[in-house]
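**Q** Predicted model follows, preceded by the sequence.
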Amino acid sequence: MATPPQRPGFPARIDLGAGSRAPARPVARPAVPAAATPPLTSTSAPQAASMARDPIPARARMVQLLAAEGISDAQVLRAMGSVDRHRFVDSALLAQAYEDTALPIGLGQTISKPSVVARMTELLLQGGLRGPDGKLGRVLDIGTGCGYQAVVLAQVASEVYSIERLRDLHEKARANLRPLRIANVHLILGDGMAGFAKGAPYAGIIAAAGGEAVPDAWIDQLAYGGRIVAPVATAGGQQALMVIDKSRQGIQQTILEAVHFVPLKSGVA
């Protein structure tokens, strides 16, 4: 019997390393339009000060809008309402922190729209492996960015392994999470395309970058009964959300709505 891989311990730390595939069923990939990334805008000092003093009403309004738009999982709504999104954006963008818009975080990357974070988290919960407490087991988060998605996932999963290939963003996420003292999040510097084998198998895998196809390593590292939620390229060169469910009988792939994420790249930079 093979010895199970050793997983990294708490708290979050840097790991410079990166880590039988079931046959995938081909799916139709419709062409979809891409959304533009919003420009960097400034915030007045009074707006920023108000947000720093009392972000709770803004978060509550955001959650109300998410529920009105169809997010129905109570765990997801609680998670979105409990995480301070304004802690993960630049001070010049504080007034937009709880608007349903993607915002730049540097190095050509963005923090995803709250509706996209909530939608992908809900999809993961609908198909991933849950424990007796209703939470997901271990989750792999591809593309840490500023760390917001990882912290949301930490509210609905027992453990989160979040991997980022850009060293500066990895360090930014570490700085963002350090004062929060969240014990069930591991931050990893590495090649997300290779997944993170030391933490496998995963109950769910979620990605904040899209490529031509879901990497084989992710499918290999997904537990039977688990689910992947990730953007993939369509025939027209745009992107759509793909859900992959893995069972002992094989792989089931489902294409959902159009999305717009940064490209999935390999290597560490």
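**A** All right, it came through fine.

**Q** I'd guessed residue 218 sits against residue 228; true?
**A** Yes: counting by Cβ atoms under 8 Å, residue 228 is a contact partner of residue 218 at 5.8 Å. To be clear about C-beta, it is placed using only N, CA and C from the backbone, and glycine gets the same treatment.

**Q** Between these two, tell me which one has more neighbours.
**A** More neighbours sit around residue 228 than around the other of residue 218 and residue 228, counting by other Cβ atoms under 10 Å; the figures are 28 against 23.

**Q** shared neighbours, residue 218 and residue 228?
**A** Overlap of the contact sets of residue 218 and residue 228 (by Cβ atoms under 8 Å, 6 or more residues apart in numbering) consists of 205, 207.

**Q** where exactly do the strands run in the stretch 1-150 of the chain?
**A** Remark: strands of the stretch 1-150 of the chain, listed N- to C-terminal, are 103-106, 109-111, 136-142; assignment by DSSP state E, counting those that start in this stretch.

**Q** Of all these, which one comes closest to residue 210?
**A** Across these, residue 210 has its closest neighbour in strand 136-142 (10.2 Å, Cβ to Cβ).

**Q** Can you give me the pLDDT of residue 17?
**A** pLDDT recorded at residue 17 is 36.

**Q** And residue 38, by the same measure?
**A** In this model, residue 38 carries a pLDDT of 33.

**Q** Could you do the one 4 residues further on as well?
**A** At residue 42, the pLDDT value in this model is 35.

**Q** Same check on residue 133?
**A** In the predicted model, residue 133 carries a pLDDT score of 87.

**Q** What values do phi and psi take at it?
**A** Backbone geometry at residue 133, expressed as degrees, to the nearest 10, gives phi -80, psi 0.

**Q** again with residue 147
**A** The phi and psi values for residue 147, taken as degrees, to the nearest 10, are phi 100, psi 0.

**Q** and the spatially most central residue of the chain, what is it in contact with?
**A** When the chain is reduced to its mean C-alpha position, the nearest residue by Cα atoms, centre = their mean turns out to be residue 149, at 4.5 Å. Under the criterion of Cβ under 8 Å, 6+ apart, the neighbours of residue 149 are 112, 117, 121, 141, 143, 162, 206, 208.

**Q** one more time with 6 Å, if that's ok
**A** Shown here is residue 149, whose contacts under the criterion Cβ atoms under 6 Å, 6 or more residues apart in numbering are 117, 141.

**Q** Return the per-residue confidence for it.
**A** With respect to pLDDT, residue 149 scores 98.

**Q** For residue 252, see how far away it is.
**A** Here the criterion is Cβ to Cβ, to the nearest Å. By it, residue 149 lies 24 Å from residue 252.

**Q** Switch the strands of the stretch 1-150 of the chain over to a markdown table; also include mean pLDDT.
**A** Formatted as a markdown table, the entries for the strands of the stretch 1-150 of the chain read as follows, by pLDDT from 0 to 100:
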| stretch | mean pLDDT |
| --- | --- |
| strand 103-106 | 95 |
| strand 109-111 | 95 |
| strand 136-142 | 97 |
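
**Q** Need the winner for burial among those strands.
**A** Of all those, strand 136-142 carries the top mean neighbour count, a mean of 26, counting by mean count of other Cβ atoms under 10 Å.

**Q** so where's the stretch 1-150 of the chain shaky on pLDDT?
**A** 1-54 (pLDDT under 70).

**Q** Helices of that one, start to end?
**A** Counting by DSSP state H, counting those that start in this stretch, the stretch 1-150 of the chain has these helices, from start to end: 45-53, 56-68, 74-82, 114-127, 148-154.

**Q** Which one of these lies nearest to residue 266?
**A** Smallest distance to residue 266 across the helices of the stretch 1-150 of the chain (Cβ to Cβ): 20.1 Å, for helix 148-154.

**Q** Cool, thanks, talk later.
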